[in-house]
Every structure is written in structure tokens, then in C-alpha cells.
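Chemist: Predicted coordinates and the sequence they were generated for:
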Amino acid sequence: MKMYDEKHIKNVVLIGAAKSGKTTLAEDMLFEAGIISKRGSVEERNTVSDYHEVEHERGNSVYATTLHTEWRDYKINIIDTPGLEDFAGEVISSVRVCDTAVLLLHAYNGVEVGTELIWDYVDRYNRPTILAVNHLDHENANYNQVLEQARGFLGHAVTIMQYPVNQGPGFNAIIDLLKMTMYRFPAGGGKPEKLPIPEEEREQAENLHNVLVEKAAENDDALMELFFEKGSLDEDELRQGIKIGMMKHQVFPVFCLCARNNMGSGRLMGFIDNVAPSAVEMPPELSEDGKEVPCNPTGPTCLFVFKTLLEPHIGKLSFFKVMSGEVKAGQELYNEKGNTTERLNQLFITDGKNRQPVERLRSGDIGCTLKLKNTFTNHTLNEKNFSAQIEPIHFPPPKVRVAIVAKNKGDDEKLGEVLSEIHTEDPTLEIEYNRELKQVILHGQGDLHLAVTKWRLENIYNMQVEYHSARIPYRETIQKPAMASYRHKKQSGGAGQFGEVYMKIEPYYDGMPVSKEWPVRETEEIALNWGGKLVFNNCIVGGAIDTRFLPSILKGVMEKMQEGPLTGSYVRDVRVTVYDGKMHPVDSNDISFKIAGMMAFREAFHQAAPQLLEPVYDLEASAPDVMMGDIMSELQTHRSVITGMDSGTSSQVIKARTPQAELDKLYAALRNVTQGKAKVKAVFAEYAPVPADVQRKLSEDYKKVEQQNGTH
């Protein structure tokens, strides 16, 4: 492959809502550039980009796929991304390493829910953005309406570069305001004919061209002086002004497409070549400690791994961007996070599953390599004597969770290994091995995300699994003091067991006064791993219980606190006072007092107005004003307490306290009633008492399980 000057390497990410036509546009760009000889289609499941089996089965993109074209002395790296929110991680990592975003808008659907959500990532990284109105052959295509929606969404930076002449089923022509030319496409699409702008379109085209000139001039003082001097700008000056405006996020140029019919993609690629910034023209990358890492072709070699893919029969593929310098096949680079030196035996550029070996890649370019041992997503590889850890990609926190179980118990260990592999590929899928809940819990971005994970386990890894509701980490405490005693006595020939303990338990709170009922000989305050405290008072006098048995009583109490009497949940915030007891000179031992302490605590607990606590989250839901009523209704249905509201420019933010037991159901309900337009985030706040009816049911369910298991 030809080596390109770093200014002639352009990195573009295709983003947009599902069905906006990203994969079709990617296919069209490859076809136009001669990378492929025949265009595939999503419907026929033969596109270069959507090559995974799960994508064929579901009919849309699940993975971000790296492609490339070579177009008029430029190399364009293209990353085609999924349009569904559940696969946001793929979009974020792609936006992170590309220098220009192409945001596709459906000519009928306009600015959709997915568009708004994806834009947040583009805006976060401040990427220059091109808007492409696609599907202009749709029978209900409405370019002007989409333009107004885009301006309502993105403001006056939305700048017309092209507009359609005859949108709808007969669409075949575009007016280009930069070239001041009409492009008319043949019936089957392909290379357009360049024609003068028709007389009936000339006035509108000239007016819009003048707007474009002013927009380009206002981004640069020198161009503004030229504009005042000449009254206009030539094409090269326009390109310069548009590029500056794009990099400032003050110009979002709008292009016209019918990718399905191969109309408009060539002109879009020409604009990417000539106007969109290259990596070397973008602001320097930042390291984790805030230092600049400029895209310098003669600088030290620095690679940033933005994606990891595990391909059957191939192994681990690591996709990277060359942040600085040049990388050569066979080069050794150091990974500080992995504390390892990696040898990049082979370098590739990729078009879907097809890999083309290359000998070297220059700064700003995107490529991949095979079988790195200890290098994963968000790792940086540097040449010796150079140290820079590129600021990592920040993935969104998970929104839903589910417990996962292998149907075949013999697969439990293998399941753990496979889930670890999947997390390597997809950092937005988090795996939690929860000892308290005795469950393996998957945390994902949505129900579809979890469904695709299950499909992969069953179809790629041949593992049958089941999803169950994830349990809730409840806590137990008490509301009033109570006293109890327990005598443990066991005789079965030879030495027996004997221990008797008298105990008082009380609700504990910070700043609680010292007990005065009995003289306190010793106090132990224990900060519990699961939150809250246990305060243990030794008030034994007169040697009723030997001091050496007190740790055994405490151990018995602690064991019961790890499996509370009410629901088997952890117990917190209790003060225990051991004030009397009895022992036997021969039969008393540690086990006897451990059991006596445990059972005394259990009996006292049931008399102390036990209270079940549940984790409660601070939740924020933002959505358009018109949806507030539906959102408030759903919140109240799911035991949420509304705590406040804030107003945005076109949306409202509702704040509420929501029990974790309701969160998963609430996410699904809000997505449903707002057609996915609600942005929801939740952060753990505190433990709070559950309603009496909920506590009663959970306690009864636990008793039934105990009876079935023969425990009490």
C-alpha cells in the first residue's frame, strides 16, 4: 500500500441513529474508491462492515468496524458504528480516535432519539462534524424539515453545503454551494454529470452561497478582511474558512445523500479529503497527567489501543491509532500499564474481516495487530525512553443488570473465563462475582445489550446459559432494644458442650451515649465491611463467663450478622451488650459459647422490631417537556420519591429517590413511555427502610426457603 503524507490521512467515524444508513454509506464509499468491485447490502447480509454472525441475524450493526478507502491521493480511514444506545461503547471508542464525525440524518425521520444520544459523545470530544441527510429518495423525504430539526438541535452552526433538487422517489440531483454546480446522477447512481445550476434554482443557490461565504469568513480575521475587500471568497478560501469553523464547532456542513442508490458519496469523500482536518491538524492529544502528545511524524512512537476484538481461529486483534511517530512491523514497544514489552510482529489495515499487511504506519493513521499478550483497550504503547499514557476512553456506567447461570453446572468455571473474554472486547459489559448475593451479575447498557451477550455465549462459545433477576443487597437492623438469653447444652458421652449467654441488643447510631445499665469492662467497635457498625460491650462481672470465651460469643454474633434472621441479609448498626451467663468447668468451650452467642443474638433480634433496609439511588431523568407527566407517573409507580426539578433549554430534569429493586423495571418503563428519549442516570445514595408489606413478603419468602432447606 502507498505511504501517505500525514496530512493526507483522514479518520472519519460514521454515526447516527439505527437505520440512518451508516453501513450502506460505508459500502458505497468503498465501492466508489474501488476497494470493492460490487456493493453489498444490509438486507442481503453481505456488506463489508457488518460481517459478524450476530449482525446478520439481527439485521443491524453491533460492532464498530474499521475500513479504509484511497481516494484522489488521500487515505480515508472509516469506522462504521452501531446506531443503538445499547452499543454506545463502540461509538465512544470510535469517536475518540477519529478526527471528523459524519452524522447521518434520515431524510424522513430527521433528528431521532439515537441521534441526540450519540451527539453527546461527539460534543464531549469536540470533533468536527459533517451532517449528511440520507435517504433523499424516501417518498416522504423532507430536507427542509430535517434542516430545521438539526438547527433546533445544534444551533446556527448548521450550514448548508448542498441541497436536493427533486427529493423523493425520483431523486437524482444536488446543488453544491461550494462548487456552485449541479450534480445529476444517472438512474442507477454512480458518477454524476456536472451541470450549470438551472435558472429556476440560481437565485436560491446564490443566496445560500452568500450565506456560506459569510459563515466561512467569520471564523478567521484574515478571511474576514479578504471578504470585506473582495465582497466574496474563492473556493480555496472557502475551504479554509469552513475547516477553521468545523474545528471550532461553529460550522456543521450539510451534505445530501442517497447511499442506497450510490448518489453523493463521492462528493462527500472529496470534501473529507480537501477540507476535513487530519490528525496532525487537530489539537494535541493529552496524557493522563495532562501533558500534550502532538501528532508529530518525526516524534517518538506512541500508539493508543482503542478497541480489542477476539476473532475465532485468529485470536486477539488490537486496533490502535498512531498518536506520534511511526510504527514498523516487528517493532518492540513498552506497555507501562501491562508492565510488558510487546513485539508487533505484523501490522494490518482492515476492511471488516479482511486484513491487508503493511510494513509501517505513520502518525495519525489507524491500524491493528495480532496477539499482544498483556495489552488491552485504553493501553498505550511507547518506544523505549518515552513515557506517555494517553487519556483513556471513559465508558458510560451500566444501566441494567441480570444474574447469569450456566445451565450445565460443570460449565461454571468456563463461564467465568468466557465472560472475562467478552469484557475484554466490551468494557461496557461489567461482570460482578457477588459473594453476598451468591450470584454472578452482568451489568449492561440495556436489555438488547444483554440479549446479544447471551446470543454470543450460546452461538459463539457453545454455552447454554440462563438469566435470572439479580438479587438486591438488603440490610437488616433493629428499631428498639431487646434482651434474650440462650443456653447451649449438649451431652453425648465423654466431654459435652455447655455455654449460657445473657445479652441485650440496641439500635446503634453515631454519638450514642455509653451504656450505664451495667459497668462496661471492655468495648470493641467494628466497622463492618458491608457498611454500618457493630459495637460489642463486655459487661461480665464476677467471672460468670471466663474472659477467654468473649471472642467466641462475638464470633457467633458476627456469623449471624452475616446472615441476618429476617431475610438472610447482612445486619448493621447494632450495639450488643453481654452482661451475664454461665459456664461449666469441664464442658464449656469456644464452640459452646459461639453457638450460645449466635442464638441469643437471633432471639433478641426478632424481639427488637427488626427493620429491613434497601439500597436507594439518586436518579435523574431528563426528557422533553411534553414527556414529564408520563415520567412522573412511572416514577411514582416504581416507589420513587420525587425530590426536585430543573429546567433546561428544551427539556426538564426530574430528580428522584428510587429503590434499587425498582431500577431495572424503571429503566425499561421510561425507555418505553419516552420512545427512548429519556436520559437516565442513577447513583447510590443510602440505605432506607422498605415498606412494611415488602418486608413482610421478603421475610415470609426467606422462611419458606429455610424450611425447605431444613434450617431455622
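Modeler: Nice, I can see it. Numbers count the residues shown, from 1 in each chain.
Chemist: drop to CA atoms for contacts and neighbour counts, all remaining ones
Modeler: Noted.
Chemist: residue contacts, the nearest residue to D50 once chain neighbours are set aside?
Modeler: Distances taken as CA to CA, 6 or more residues apart in numbering put S61 closest to D50, at 6.0 Å, once the chain neighbours are dropped. Contacts for S61 (CA atoms under 8 Å, 6 or more residues apart in numbering) come out as T23, D50, E55, T81, P82, G83.
Chemist: Now, the residues you listed that are in helices?
Modeler: Judged by DSSP state H, the contacts of S61 include T23, E55 as members of helices.
Chemist: which of the contacts of S61 lies closest to G270?
Modeler: Nearest to G270 out of the contacts of S61 is T23 (CA to CA; 19.0 Å).
Chemist: re the thing from before, helix or strand: which one has the residue nearest to D50?
Modeler: Using DSSP states H and E, S61 is not contained in any helix or strand.
Chemist: So it versus E706, what's the distance?
Modeler: 47 Å (CA to CA, to the nearest Å).
Chemist: and if you look at V133?
Modeler: From V133 across to E706, the span is 62 Å (CA to CA).
Chemist: what about the two, which has more around it?
Modeler: V133 (29 against 14; other CA atoms under 10 Å).
Chemist: That one: what secondary structure?
Modeler: Following DSSP: H, G, I helix; E, B strand; the rest coil, the label given to V133 is strand.
Chemist: Could you give the bridge partners of it?
Modeler: Assessed by DSSP bridges, V133 has beta-bridge partners L105, C256.
Chemist: ok, longest strand in this protein?
Modeler: The strand that spans the most residues within the chain, counting by DSSP state E, is strand 610-624.
Chemist: low pLDDT regions in the stretch 251-400 of the chain?
Modeler: Within the stretch 251-400 of the chain, no range satisfies pLDDT under 70.
Chemist: make that the stretch 501-650 of the chain, sorry
Modeler: Using pLDDT under 70, the stretch 501-650 of the chain drops low at 648-650.
Chemist: now the helices for the stretch 301-450 of the chain?
Modeler: 412-425, 447-459 (DSSP state H, counting those that start in this stretch).
Chemist: now, among the contacts of S61, which is nearest to E326?
Modeler: Nearest to E326 among these, counting by CA to CA, is T81 at 26.7 Å.
Chemist: Disregarding flanking residues, what is the spatial nearest neighbour of that closest one?
Modeler: Using CA to CA, 6+ apart, the nearest residue to T81 is A64, at 4.3 Å.
Chemist: can you tell me how far that neighbour sits from K307?
Modeler: From A64 across to K307, the span is 9 Å (CA to CA).
Chemist: can you count the residues close to E517?
Modeler: Residues near E517, counting by other CA under 10 Å, number 9.
Chemist: Break down the stretch 601-712 of the chain into its strands, ranges please.
Modeler: For the stretch 601-712 of the chain, strands defined by DSSP state E, counting those that start in this stretch occupy the ranges 610-624, 641-647, 651-659, 679-689.
Chemist: for those, which one sits closest to G245?
Modeler: Proximity to G245 (CA to CA) singles out strand 651-659 among the strands of the stretch 601-712 of the chain, at 27.7 Å.
Chemist: In its sheet, which strands sit next to that closest one, and in what direction?
Modeler: strand 610-624 (antiparallel), strand 641-647 (antiparallel).
Chemist: How far does the longest one sit from its chain's centre?
Modeler: Here strand 610-624 shows a centroid-to-chain-centroid distance of 21 Å under the convention CA atoms, centre = their mean, to the nearest Å.
Chemist: Please apply the same query to the shortest one.
Modeler: Its chain's C-alpha centre lies 25 Å from the corresponding centre of strand 641-647 when counted by CA atoms, centre = their mean.
Chemist: which residues are in contact with stretch 201-215?
Modeler: Contact with stretch 201-215 is made by 159-161, 175, 177-178, 180, 197, 227, 232-233, 238, 241-242, 251, as judged by CA under 8 Å, 6+ apart.
Chemist: Could you check how far Y334 is from R343?
Modeler: Computed as CA to CA, the Y334 to R343 distance reads 9 Å.
Chemist: Show me which of those two is the more surrounded one.
Modeler: Y334 (21 against 17).
Chemist: so what's the more buried one up against?
Modeler: Listed by CA under 8 Å, 6+ apart, the contact set of Y334 reads T340, T341, E342, L381, N382, E383, K384.
Chemist: Run through the bridge partners of it.
Modeler: Bridge pairing for Y334 (DSSP bridges) gives the partners T341, N382.
Chemist: where's L212 relative to R657, distance?
Modeler: 49 Å.
Chemist: do K594 as well
Modeler: Distance of K594 to R657, computed by CA to CA: 40 Å.
Chemist: got it, and Y51?
Modeler: Distance of Y51 to R657, given as CA to CA: 43 Å.
Chemist: Looking at the two, which is more packed in?
Modeler: Higher neighbour count among Y51 and R657: R657, with 22 against 17, using other CA under 10 Å.
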